[in-house]
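Trainee: Fold the stuff below for me.
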Amino acid sequence: MKSSNNFFFIAMAGMALLVEPAIGHTAVHKAKTHVRKSKPVPVTMESFTSGALDKQATVKLASSLFAAKDYTSGEVVVARLLNDYPDDDAVLRKIIDLYIAAQNAEKALPIYDRLIKINPKETKLIMKAAKAYSWTGRWEATLKMIESVLVTGDTSDATQREYIDVLYTNKQYGKATEYYLKYFAKNRQNDYKKRDYAIAFIYKLASSKEYTEAEKLLAAVETQYSRDIVVLETKANVALGKQDFSEALKFSDELIKRSPKNHPNETALLIKAEIASWQRSYANALVNYDSLISRANGQKSEYFRQKAYREKGRVLGWMARYGDAETVYDEAVRSYPDNKGLQAESLAKRAYYRNTWRPAVEGYKNWLLVEPNDPEALFDLGQLYMQSAKWSEAAETYQVMLKLMPGHRQAALAKEKGDILSSKRLFRSGIEYFNVKSEWKSTNVSYTGLYSSLSYPLEEQVTGFIHYDNKSFSFENFPGKFHQNNITTGIEYRHLPDFVIRGAYSYHANSQNIENNHTGFLETQSQPFNNVHLDVAFRNEEVIDNAETLRSRLQRDRWQGRLLYDGYRNWNAGLDYEVASYSDGNRCFTAGGDVTAHLIVGKERLNLVYRLQNYGFHDVSLHSYWTPSSFTTHSVGIDFRHYFNGELFQGVNETYYTTSYKVIAEPNDNVSHQVRATLCHDWSNRFSSSLETQYSWATAAFYEDKMVKAEIRWFF
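Mentor: Here you go, the predicted model:
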């Protein structure tokens, strides 16, 4: 949302034409005639310092120094002029001109005060001084000066409108409106210039959310121009600004009825399209935008076409139709290559749709340079900062937006969520059950567990965490229950999108006279290039797949890596590997790759996944904890997610469910199946819960697992 700053125009004073000293007199001799010329004094700082310059030359020197931007020397000369000629009207005016031309109104103020004492009734001088005072933000002094001019009887339109504008800028909205009502009451009904000024001021009041004052003035204008189409358009726009959609639609329909046959009013079409898009009636919005784009009826229509192009592109983006949105922006840029705002938005949106974080942030910053405080640009930029956990930048961006649009609900929600997440004080707790059986994979274990964890900020980018869990294991051929109490403590340093590093140490206290154990991990995540994600990790861990691995206290060190390309929000592809070294001397190398197609993106999401995985052991004879041979699998899966919230953006409470099914082709012509479901519910910005379940099966001897997990998350 933009608000025009209707301040005073800067008056640039012309440089006075100064002449050189006159040529000396000639002397005529009877015997011989000749001409003598006096030697001119150079206009330099040396001559000034020596005192050789007269008033006219000193003024010329000051002018040349200011023109060369040597303000330090120039002010020394000006100080001499003010001291030697304190009441010289021409000198004072010239010095004022120099300071104004140098955009230093602050220095001009005391000289204006001195000059006004000399010419107390010169209203034009007082108005120029008022302008200078307004440029320095001294609104009260500005108002007093203009009021002193009004008292003298100068009630010209220019003076009165300037007075009203200064009242507005000083946020004296009621007084400004009251004065404008008196000013407009003297308007002749056919004076459309005054009508247009009044309507422009109505829009200024509306932009400041002063709808009561705007409607007072609008009623006065409507009294004189009751059937004027421009007045009706203003009523519709003010109602739209108030988000009184029923009134805005009523006025829009009236505008269309009043319009010529087969030529609906463009303001009405735009309002109806914007209301439809805000109410997520996207199909209706697109119809109206297309109607505006197809029109070509003069300069006014061109404005609406450009607006419609941009709004249509945004709506398609909100619908997750990114390819169509880019096509609209490309067409718009071709049609209006000189529209810098449109070009900047097109580049920013393209990077945003393609999920390229760094170019997107740069694009939105460039957009805001062209169109400062554009709400669409501010909101998207805040979302980008939220995605990479740049909480302070997100908060500043949303704060700017909320100053412009205090009623913007999405920005308020996003800022609140960002403030909560930035605290990083998170408590998690849950319960889980897992059971797996596979003769072929030498796995037979089930456990139940309770866990809790706490994350707490140590610095802005550093978070410490501690995790405790208690697990109760059951194995075949192992008497009783095996219990384990685990405590993990670690630290995380986050600098997204560049990298995240986290590391942890774990201590395991065991029952059944099994020696206690120590493990740990170190991992990093990075986005070194646009759309490219790299994860690398080292993990030292226990192998608790069956009773044999437990008794032997088998451990392994795992090096893991994954490279993911996330392309255009419609697909991604990844490669990964794992090298594991076991404490009994065995080694395993695993490599895989996968491709995911995002078939539906938006409130409902549908993904199709294919994965190829190869498992290889150094010594396959040691298969008490693995398969008797290396093998390769192929899997195809599909997962569906449905969001219950009507809006999707960073910061809104998320409530959704997911379901997925995967089929896996394994060795010996075996086919495994897996189903998984998740239900997540955000009860508030601070508290959420989730429930997950999984079931995998083939033949019981080949592989089978069951999992149930419930968790709560609380930001405090």
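Trainee: Distance from stretch 660-680 to the middle of the chain?
Mentor: Distance, stretch centre to chain centre, for stretch 660-680: 40 Å (Cα atoms, centre = their mean, to the nearest Å).
Trainee: and it, which residues are buried?
Mentor: Within stretch 660-680, the residues that count as buried by 16 or more other Cβ atoms under 10 Å are S660, K662, I664, E666, S672, Q674, R676, T678, C680. For the C-beta atoms, the positions are set from N, CA and C on the backbone; glycine is no exception.
Trainee: any idea which of those residues is least confident?
Mentor: Of all those, E666 carries the smallest pLDDT score, 92.
Trainee: Contact partners for that one?
Mentor: The contact partners of E666, taken as Cβ atoms under 8 Å, 6 or more residues apart in numbering, are F631, T633, S672, A698, F702, Y703.
Trainee: farthest-separated two in the buried residues of stretch 660-680?
Mentor: The largest distance within those, taken as Cβ to Cβ, falls between E666 and C680 and amounts to 30.9 Å.
Trainee: Closest one of the contacts of E666 to V361?
Mentor: Lowest distance from V361 to these (Cβ to Cβ) belongs to T633, with 39.9 Å.
Trainee: give me every residue that touches that closest one.
Mentor: By Cβ under 8 Å, 6+ apart, the neighbours of T633 are R611, L612, Q613, Y615, I664, A665, E666.
Trainee: Mark which of these are part of strands, please.
Mentor: The members of these that map onto strands under DSSP state E are R611, L612, Q613, Y615, I664, A665.
Trainee: Quick check: the farthest pair among those residues?
Mentor: Y615 and A665 (13.8 Å).
Trainee: pLDDT below threshold where in the stretch 101-250 of the chain?
Mentor: Scanning the stretch 101-250 of the chain for pLDDT under 70 picks out no residues.
Trainee: Please apply the same query to the chain.
Mentor: If you take pLDDT under 70 as the line, the chain has these spans: 1-39, 261-262, 296-300, 622-623.
Trainee: what kind of secondary structure is the closest residue to Y398 other than its chain neighbours in?
Mentor: Leaving out its chain neighbours, the residue that sits closest to Y398 by Cβ to Cβ, 6 or more residues apart in numbering is K415, at 3.9 Å. Under DSSP: H, G, I helix; E, B strand; the rest coil, K415 falls in the helix class.
Trainee: How many residues are close by K415?
Mentor: 23 (other Cβ atoms under 10 Å).
Trainee: wait, it sits on E396?
Mentor: No. Judged on Cβ atoms under 8 Å, K415 makes no contact with E396 at a distance of 9.8 Å.
Trainee: residues near W278, how many?
Mentor: By other Cβ under 10 Å, 12 other residues sit near W278.
Trainee: Tell me who's in contact with the residue nearest to Y398.
Mentor: K415 neighbours (Cβ under 8 Å, 6+ apart): G382, A394, A395, Y398, Q399, L402, G651.
Trainee: E210 contacts Y173, doesn't it?
Mentor: Yes. The criterion here is Cβ under 8 Å, and E210 meets it with Y173 at 4.6 Å.
Trainee: Relative to N187, how far out is D157?
Mentor: Note on D157: its distance to N187, by Cβ to Cβ, to the nearest Å, is 10 Å.
Trainee: ditto for R195
Mentor: 7 Å.
Trainee: Name the residues contacting each of those two.
Mentor: Joint contacts of R195 and N187 (Cβ under 8 Å, 6+ apart) are Q224.
Trainee: Report the residue ranges of every domain in the protein.
Mentor: 1-153, 339-421, 436-715 (automatic domain parsing).
Trainee: so which of the ones you listed is the most packed in?
Mentor: Scoring those by mean neighbour count under mean count of other Cβ atoms under 10 Å gives domain 339-421 as the most buried, with a mean of 19.
Trainee: hmm, back to that, make CSV out of the domains of the chain and add distance to V166.
Mentor: Shown next, in CSV, are these (distance: least, Cβ to Cβ, whole Å):
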stretch, distance to V166
domain 1-153, 5
domain 339-421, 21
domain 436-715, 39
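Trainee: closest to S246 out of those domains?
Mentor: Nearest to S246, of all the domains of the chain, is domain 339-421, at 17.0 Å by Cβ to Cβ.
Trainee: Quick one: end-to-end length of that closest one, please.
Mentor: By Cα to Cα, to the nearest Å, the extent of domain 339-421 from end to end equals 38 Å.
Trainee: all helices of the stretch 401-550 of the chain, in order?
Mentor: Ranges of helices in the stretch 401-550 of the chain, per DSSP state H, counting those that start in this stretch, are 409-423, 547-551.
Trainee: nearest to S73, of these?
Mentor: Checking the helices of the stretch 401-550 of the chain against S73 by Cβ to Cβ gives helix 409-423 as the closest, at 50.3 Å.
Trainee: Name the single longest helix found in this protein.
Mentor: Longest helix of the chain, by residue count under DSSP state H: helix 299-318.
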